[in-house]
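**Student:** below is the structure, and that's it, no one-letter string:
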């Protein structure tokens, strides 16, 4: 078997310690890897690389196409963007996969029958990080949901369920409130579900859905979510299964894949040889399956389970069944000593010889007719709604003020006196036949009237359907 190139980043804090333990296990198990070391994290930030990785590091990543990453530290203070977010968005890692299974009774949990895989859209949503301060009182964070991003994550969730003979895929959304953004995710889920008749599907409002996961996680199989909800729920499920420190994670794209532990760099315990390497080890097992070495992954995973059954535990797993409390490197050696053995009580791991599911290209969307009908103009102003409305009367060029809103609630005309106002009002203005030039002319008129507009959104129809939210009022 030819060796597969894999970039290895040892990271910060406990990262080098747990990576040493994991690489020792991989080598002893016979993993065919050509290791390419890549420096990332705090050192690179402090050397002036704003992304946390040097240009030659990017070249190495693109050459290999696979990365095993230990946790990193982002320096405190402004100006440093999360390297995890940068890697995901730059390398198109559109799908995050996090299995969360109980290891009862060897890892303490109240949910011994739990076995959930969380699939999370990984590039967009509020994690796009597009924010603006619009007035003295109001900041904005843009939530971006795309058809393409939703499709990649949702289709992967169904492909995973099919490949692992799982019974159900559940989507968690909040489309009773965010009818357009979460609504798009929900509609995409319903469309793709029709292609997988053998897999049951359901969608649940995210708040009650998370409550049900926390109460009865055993009823769920595969859960797929937009980015923010998925980040929250995947930590919840990892903790419910026993410990966030045991969870591995895969970040997958069409051209690149990154595997990691889900926990942080824990600088407070670095250098003490007490960190648990299990999360990174589980990420490495996911990597081995991804690169076509499932038998090695299976052997390592089963040896890890045997070590836990034998009561070989790191400090974080101390419990009634602990037989020997060990450090990071000793735990890694305990796994090595059990290579080739199968667990006695915990389910034996059997990885399929078939390739793991991959992120598939999205389908081309049909042509959509788009028609501009007006604009929402947001004004940084302490004027009362009726005062702003007075200044927006008799607009030239066919523009007509329809309403004024504060934080999405109509406050003119016929606004409720109880509605709380902030120093940012949104004016919805229609035109019988607008174009970009007439929009620019409108903004000039508003500026001349001393109305400091800070944000404009076009109101468009898509195939005759409204592409903007309604504004509720009293």
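**Tutor:** Structure's in. What do you need? In this text the structure is predicted, and so the values were computed from the model without any measurement. Numbering: from 1, shown residues only.
**Student:** ok, residue 45 - contacts?
**Tutor:** Neighbouring residues of residue 45 by Cβ atoms under 8 Å, 6 or more residues apart in numbering: 52, 74, 75, 80. In short, each C-beta sits where N, CA and C put it, glycine included.
**Student:** if we use 10 Å, what do you get?
**Tutor:** Residue 45 sits next to 12, 51, 52, 53, 72, 73, 74, 75, 79, 80, 81, 83 when contact means Cβ atoms under 10 Å, 6 or more residues apart in numbering.
**Student:** how about the fifth one, nearest residue that isn't a chain neighbour?
**Tutor:** To tie it back to what came earlier, the one meant is residue 72. residue 41 (3.4 Å; Cβ to Cβ, 6 or more residues apart in numbering).
**Student:** repeat for the fourth one
**Tutor:** The spatially closest residue to residue 53, leaving aside those adjacent along the chain, is residue 40, at 4.8 Å (Cβ to Cβ, 6+ apart).
**Student:** count the residues that sit near the one you found.
**Tutor:** 26 (other Cβ atoms under 10 Å).
**Student:** wait, doesn't it sit right on residue 12?
**Tutor:** Yes. In this structure residue 40 lies within contact range of residue 12 using Cβ atoms under 10 Å: 8.7 Å.
**Student:** need the residues touching each of those two.
**Tutor:** Common contacts of residue 40 and residue 12 (Cβ under 10 Å, 6+ apart): 52, 70, 72.
**Student:** next, the second one: phi, psi?
**Tutor:** Translated: residue 70. When read as degrees, to the nearest 10, the backbone of residue 70 gives phi -80, psi 170.
**Student:** low-confidence stretches in the chain?
**Tutor:** Along the chain, segments meeting pLDDT under 70 span 1, 77-78, 473-474.
**Student:** ranges for the helices of it?
**Tutor:** Using DSSP state H, the helices of the chain run over 15-28, 42-46, 55-64, 83-90, 147-163, 181-193, 206-215, 227-241, 278-290, 294-309, 328-337, 385-391, 436-448.
**Student:** give me the neighbour count for the nearest residue to residue 235 once chain neighbours are set aside.
**Tutor:** Excluding the flanking residues, the one nearest residue 235 by Cβ to Cβ, 6+ apart is residue 244, at 6.1 Å. Using other Cβ under 10 Å, residue 244 has 19 other residues around it.
**Student:** residue 193 reaches residue 222, doesn't it?
**Tutor:** No. In this structure, residue 193 is not within contact of residue 222 by Cβ under 10 Å, at 11.9 Å.
**Student:** returning to that earlier point: so who does the residue nearest to residue 72 touch?
**Tutor:** Residues in contact with residue 41 (Cβ under 10 Å, 6+ apart) are 9-13, 15, 49, 52-53, 69-75, 83, 265.
**Student:** again with residue 155
**Tutor:** Contact partners of residue 155, counting by Cβ under 10 Å, 6+ apart, are 95, 119, 188-189, 192, 195-196, 224, 357, 359-363.
**Student:** now swap in residue 306 and tell me
**Tutor:** 312, 334-335, 337-344, 346, 348.
**Student:** residue 227 versus residue 169, what's the distance?
**Tutor:** 18 Å (Cβ to Cβ, to the nearest Å).
**Student:** what's the domain layout of this structure?
**Tutor:** The chain resolves into domains spanning 1-94+242-350, 110-238, 370-466 when parsed by automatic domain parsing.
**Student:** reformat those as a markdown table; add distance to residue 100.
**Tutor:** A markdown table is the format used below for those (distance: least, Cβ to Cβ, whole Å):
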| stretch | distance to residue 100 |
| --- | --- |
| domain 1-94+242-350 | 6 |
| domain 110-238 | 4 |
| domain 370-466 | 35 |
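**Student:** can you tell which of the ones you listed is closest to residue 103?
**Tutor:** Proximity to residue 103, assessed across the domains of the chain by Cβ to Cβ, is greatest for domain 1-94+242-350 (6.0 Å).
**Student:** so how far is the closest one off the chain centroid?
**Tutor:** 19 Å (Cα atoms, centre = their mean, to the nearest Å).
**Student:** and stretch 396-404, how far out from the chain's middle?
**Tutor:** Mean-position distance between stretch 396-404 and its chain equals 40 Å (Cα atoms, centre = their mean).
**Student:** coming back round to it: minimum distance to residue 102: which of the domains of the chain has it?
**Tutor:** Comparing the domains of the chain under Cβ to Cβ, the one sitting nearest is domain 110-238, at 4.4 Å.
**Student:** what count of nearby residues applies to residue 180?
**Tutor:** Per other Cβ under 10 Å, the neighbour tally for residue 180 reads 13.
**Student:** can you report phi and psi for it?
**Tutor:** Backbone torsions of residue 180, given as degrees, to the nearest 10, read phi -90, psi -50.
**Student:** OK, contacts around it?
**Tutor:** Residues in contact with residue 180, defined by Cβ under 10 Å, 6+ apart, are 143, 145, 466, 467, 468, 469.
**Student:** those: which two are farthest apart?
**Tutor:** Farthest apart among those by Cβ to Cβ are 143 and 466. That separation is 18.3 Å.
**Student:** appreciated, that's everything.
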